[in-house]
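>>> okay, here's the prediction I keep looking at, along with the sequence it came from:
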Amino acid sequence: MTTYFSLLATLLALLACVLFVVFINMFANGRWTSWALSLGLAALVVFVLALIIGHFLSAPLRDLRMKISSYRSGNDNVPFEPDGRLHEADVLVEDFKNLLDTSAAQCADLARREKQQMQFVGDVAHELRTPLTAIRGNAELLKDPDMPQEMREKFCDTIVNESQRLTRLTNDLLSLQHIEGDDTVLDMGRLNLKDVVDAALDALGPVLEAVDAQVEVTGEAPDVLGNADRLKQVVSNLVDNATHFIDPGGHIAIELYGIHNNSIVAVKDDGPGFGDVDPAMLFERFFRTDFSRARNTGGSGLGLAIVKSIVEAHDGTVEAYNLPEGGACFIVAIPSVA
């Protein structure tokens, strides 16, 4: 349109020059009629030229409007590509195309999130159904008045254990929701990862004693900027996960070091590892490499998902791999601070 207005301004300037000459000649020669006709003809020519130029220059805009109308009618195959006829129209086409691409990406992301949410609800329902079924079944058996006391105590223990499992599952779900849905800024501070590891191991003392786990902490890592409670939860979940798979008296090694401006916490165990499973799947909600063992040990299937969410909230990464000599290794990397 800039070109159109430039041409129109040029024509109007020429008309102004003609008018100026006309008036000069009218006063000089007194030929009012002929010059009036000349003036009218010049104005008509300028008007017609302006209409013709406007028609051709507005054609790309009309075409764009028709394409948009067609797209709104449901035709998703309308091509939005610049044709080079008018710069402003090409800019509008590019902007509209980018808008469509952004909208399509957002719709795809929304559909993916909705699918994940439905999958998550289904997984939660499945996880809740199993302990609830066990609790109900054992409670119904307890109604038998002739049941031996030994069997009665066994069923009561099962009810208590399943209830505790439901509590752990609920707490993990709330924790995961709080981590992923919390828009507030975490209370960050300079942390020594050795202190974080020591605090986590102190809290896990009874759990480690129950399986007679042999824990060794080695190395030092540069300080990080993080939330002490959250990072303590990371270490606790990784160590607790290792206790589910080592044999009684098994070993858990925690190594601390720095590399490439990152502070590393590596948790290794001498258990069976996780086999040929894609390591990325380990951090999915409710994923288990050994369903029966994880269920028997009371795992909720959310511990590693919580670890991933916390680490990513600290701009870090977490990875897993099988050790050549056997066992699993989980590596957490968080940016170091000077």
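Structure's in. What do you need?
>>> low-confidence ranges in the protein?
Applying pLDDT under 70 to the chain flags residues 1-58, 84-87, 116, 119-120, 123, 126-127, 130, 177, 180-186, 287-301.
>>> how is it divided into domains?
For the chain, automatic domain parsing gives the domain ranges 2-79, 189-335.
>>> for the longest one, measure first residue to last.
Right, domain 189-335. Counting by Cα to Cα, to the nearest Å, you get 13 Å between the two ends of domain 189-335.
>>> how about the helices in the stretch 201-338 of the chain?
Assigned by DSSP state H, counting those that start in this stretch, the stretch 201-338 of the chain shows helices spanning 205-210, 228-243, 291-296, 303-313.
>>> wait, which of these is closest to Leu282?
Leu282 sits nearest to helix 303-313 of all the helices of the stretch 201-338 of the chain, at 5.4 Å, using Cβ to Cβ. C-beta: built from backbone N, CA, C; applies to glycine.
>>> partners of Val267 in the sheet?
For Val267, the beta-bridge partners are Ile254, Phe330 (DSSP bridges).
>>> how much space separates it from Lys143?
Distance of Val267 to Lys143, given as Cβ to Cβ, to the nearest Å: 46 Å.
>>> with Asp90 instead?
Applying Cβ to Cβ, the value for Asp90 to Lys143 is 79 Å.
>>> more neighbours: those two, which one.
Comparing Asp90 with Lys143 by neighbour count (other Cβ atoms under 10 Å), the higher total belongs to Asp90, at 16 against 7.
>>> wasn't the more buried one part of a helix?
Yes - per DSSP: H, G, I helix; E, B strand; the rest coil, Asp90 lies within a helix segment.
>>> give the contact list for the residue nearest to Lys232 when sequence neighbours are not counted.
Using Cβ to Cβ, 6 or more residues apart in numbering and skipping residues adjacent in sequence, the residue nearest Lys232 is Ala200, 4.9 Å away. Residues near Ala200 by Cβ atoms under 8 Å, 6 or more residues apart in numbering: Lys232, Gln233, Val235, Ser236, Val239.
>>> among the helices of the stretch 201-338 of the chain, which is nearest Cys156?
The nearest among these, by Cβ to Cβ, is helix 291-296 at 18.5 Å.
>>> circling back to that earlier point, and the helices of the stretch 201-338 of the chain as CSV, adding mean neighbour count and distance to Asp172?
Output for the helices of the stretch 201-338 of the chain, formatted as CSV (neighbours: other Cβ atoms under 10 Å; distance: least, Cβ to Cβ, whole Å):
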stretch, mean neighbour count, distance to Asp172
helix 205-210, 12, 15
helix 228-243, 22, 9
helix 291-296, 13, 13
helix 303-313, 21, 7
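>>> format those as CSV; extra columns: distance to Ile334.
Output for these, formatted as CSV (distance: least, Cβ to Cβ, whole Å):
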stretch, distance to Ile334
helix 205-210, 24
helix 228-243, 8
helix 291-296, 27
helix 303-313, 7
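>>> give the contact list for the closest residue to Pro60 other than its chain neighbours.
Excluding the flanking residues, the one nearest Pro60 by Cβ to Cβ, 6+ apart is Ala89, at 3.6 Å. Going by Cβ under 8 Å, 6+ apart, Ala89 touches Pro60, Leu61, Asp63, Leu64, Pro82, Asp83.
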